[in-house]
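Visitor: I'd like to go over a predicted model; first the sequence, then the structure.
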Amino acid sequence: MIEWVNAVVQGVLLGGLYALFAAGLSLIFGVMRLVNIAHGDLIILAAYLGLSTTVMLGIHPFVALLIVMPAMAGIGYILQRGLLNQTLGPDILPPLLVTFGLSVILQNALLEGYTADPQKLNAGAIETASLSAGGLTIGVLPLLTFAMAIAVIATLQWVFYATALGRGFRAVSDNQDIAQLMGLNKAHVFGLAMALALAVTAIAGILLGVRTSFDPAIGGGRLIFGFEAVIIGGLGNIWGTLAGGVILGVAQTVGAKIDPGWQVLAGHVAFLIVLAVRPNGLFPRVEH
Amino acid sequence: MPALLSISGLHKSFGAVVVADGTSFEVAEGEAVGILGPNGAGKTSLFNLITGALPPDAGTITFGGQDISATGAAQRCKMGIARSFQVPQPFGGMTVFENALVGAMEGAGLRGAEAEAHVLSVLDDTGLLLKANVRAGTLTLLERKRLEMARALAARPRLLLLDEIAGGLTEAECTALIETIQRVHAGGTTIIWIEHVVHALLAVVERLIVIDFGKKIAEGPPKTIMDSAQVKEIYLGVDPDV
């Protein structure tokens, strides 16, 4: 029995990482209706930036966040204003194709720069530290990841509903043309949204790199997990995204408990069941 | 008085449909001008050209002495041009207060308590104070029309463009609206008002411009214009010979 409880707990904590994958994706889609196919590869890019920073400066991966987060935010702003803004319009195909192309370019650039060898970020003792409670053993790192996910989502929620920046995001998301006429520069607001999304991606990438080994080809899988978490939770609901990540994580760990080969499959099955029963996700944003 | 807005030789067409055909006119600082014209005459397109939502094919738009023909819509709003829409277009997912706050912060450049105080006074002026925390998507038509006005006023415009804001209102509502617009005008805001409810228009404006097929066909004091045979024929559909 305790093993099953343990599987569920591990799944919940794993869900925190998936929610971090998904948060940036959800934000980008929410503000500019842009489906970012390159999101997984941007997570891996952040992990590699973390690797370079830790190796070159000899600092802890978590300290490296102080460099990688602003770097990813800068990349996001430039990427949005220099490339992605030009693809946005009434047709949804151009942004899909361009971000798909970006995904291919990123993978190959990372392959060229870092080779295909799996890498890992070394976070030291924290990786193996654990807490014991009532027969359960909980890793400090997964716990920290989950806490980070809650902090990130609470921060995003606060930015969206309590700051001028967030009001700009919501106004542009609601009606781009009117927002322009009310003095909001759409191109700039979109740039800021992408910067914020990729700053979150930096956190996701570093935590991924500390947790498991990564190579340039695994971005696609992270994209799928992120998408599934967003859709299970319901589009446009940022706390729903955390719930979606948790459901996906639990399905995977419980699936793995039944048979180790079922881990990823169980997650996809859970996603398909939710999609069949609640096509708008479990907690869709209340329509106005 | 110097011209606040000056439009010269403005052209815009969508294929064979001409919405502005060499339109030229000036509006002085502090003036209130009415625009009349049949449906499809290009009145709303004129507003789209002035606010920067549409780029002109030819011609220039000067605002406050600056050529703004190539200036983006967001920048024009910051310079002091705000409009209301004929079909209200609130940010449906945001509250009434937040809708107006976007105008106050982005358009007027106000911050913090000053922005909030300005929004509250605008909502009070437009009779929306009690609806401040209601989501804009749930408002009734009249409330949405008021919100159009409130959001535009929150941006503290030098030039306020009103697009058929009196349409569909009851007589009492219309009277209240006219009072609000008169108050705004008395405060020094320049107004251009497109309106089919002629008596409401005449209660406020000092000059009328009549447009048909994108062309300015008459311009002058309201009484002269309303009495002109050409305007009666084209705009009111009355044949003066009958």
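Guide: That came in fine, so what should we check first?
Visitor: show me the contacts for the closest residue to B:Asp21 other than its chain neighbours.
Guide: Nearest non-adjacent residue to B:Asp21, counting by CB to CB, 6 or more residues apart in numbering or on different chains: B:Gly214, 3.9 Å away. For glycine as for every other residue, the C-beta is placed from the backbone atoms N, C-alpha and C. With contact taken as CB atoms under 8 Å, 6 or more residues apart in numbering or on different chains, B:Gly214 is in contact with B:Lys12, B:Ser13, B:Val18, B:Val19, B:Ala20, B:Asp21, B:Thr23, B:Ala41, B:Gly42, B:Ser45.
Visitor: and if you look at A:Leu25?
Guide: A:Asn36, A:His39, A:Ala197, A:Leu223, A:Gly226, A:Phe227, A:Val230.
Visitor: what's the answer for A:Gly166, then?
Guide: By CB under 8 Å, 6+ apart, the residues touching A:Gly166 are A:Trp158, A:Val159, A:Phe160.
Visitor: and if you look at A:Leu143?
Guide: So A:Leu143 contacts A:Leu13, A:Leu131 (CB under 8 Å, 6+ apart).
Visitor: Quick one: the strands in the chain, in order.
Guide: No chain specified, so I'll use chain A. Per DSSP state E, chain A carries strands over the ranges A:130-133, A:136-139.
Visitor: nope, chain B
Guide: Applying DSSP E to chain B gives strands spanning B:3-14, B:17-28, B:32-36, B:58-63, B:66-67, B:81-83, B:159-163, B:190-194, B:207-212, B:215-220.
Visitor: and the third one, which residues are buried?
Guide: Residues of strand B:32-36 classed as buried under the neighbour-count rule (16 or more other CB atoms under 10 Å in any protein chain shown) are B:Ala32, B:Val33, B:Gly34, B:Ile35, B:Leu36.
Visitor: Please name the strands paired to that strand in the sheet, noting orientation.
Guide: Strand B:32-36 has the following sheet partners, assigned by DSSP bridges: strand B:190-194 (parallel), strand B:207-212 (parallel).
Visitor: for the first one, same thing?
Guide: Strand B:3-14 sits in its sheet next to strand B:17-28 (antiparallel), strand B:58-63 (antiparallel), going by DSSP bridges.
Visitor: surely A:Phe46 meets A:Val68?
Guide: You called it Phe, but residue A:46 is Ala. Yes: A:Ala46 is in contact with A:Val68 according to CB atoms under 8 Å; the separation is 5.8 Å.
Visitor: Name the residues contacting each of these two.
Guide: Residues within reach of A:Ala46 and of A:Val68 at once, by CB under 8 Å, 6+ apart, are A:Ala202, A:Gly205, A:Ile206.
Visitor: Select from those every entry located in helices.
Guide: Those of these mapping onto helices are A:Ala202, A:Gly205, A:Ile206, per DSSP state H.
Visitor: Out of those, who's the most crowded?
Guide: A:Gly205 (31 neighbours; other CB atoms under 10 Å in any protein chain shown).
Visitor: how near is the residue lying closest to that one once chain neighbours are set aside to A:Gly74?
Guide: In space, and not counting its chain neighbours, A:Gly205 is closest to A:Ala46: 2.7 Å by CB to CB, 6+ apart. Distance, A:Ala46 to A:Gly74, using CB to CB, to the nearest Å: 12 Å.
Visitor: Who has more neighbours out of those two?
Guide: For A:Ala46 versus A:Gly74, neighbours defined as other CB under 10 Å are more numerous around A:Ala46 (29 against 13).
Visitor: per-residue pLDDT, the more buried one?
Guide: With respect to pLDDT, A:Ala46 scores 98.
Visitor: who's in contact with it?
Guide: Taking CB under 8 Å, 6+ apart, we find A:Ala46 in contact with A:Val68, A:Met72, A:Leu198, A:Thr201, A:Ala202, A:Ala204, A:Gly205, A:Ile206.
Visitor: what residues are up against the closest residue to A:Ile75 other than its chain neighbours?
Guide: Computed as CB to CB, 6+ apart, the closest residue to A:Ile75 that is not its neighbour in sequence is A:Leu198, at 6.1 Å. Contacts for A:Leu198 (CB under 8 Å, 6+ apart) come out as A:Gly24, A:Leu42, A:Ala46, A:Met72, A:Ala73, A:Ile75, A:Gly76, A:Leu79.
Visitor: and with 6 Å instead?
Guide: Neighbouring residues of A:Leu198 by CB atoms under 6 Å, 6 or more residues apart in numbering or on different chains: A:Met72, A:Ala73, A:Gly76.
Visitor: how far away is it from A:Phe29?
Guide: In this view, A:Leu198 and A:Phe29 are 14 Å apart by CB to CB.
Visitor: and if you look at B:Asp21?
Guide: Here the distance between B:Asp21 and A:Phe29 works out to 42 Å (CB to CB).
Visitor: re earlier: which member of the buried residues of strand B:32-36 is positioned nearest A:Asn108?
Guide: B:Ile35 (57.7 Å; CB to CB).
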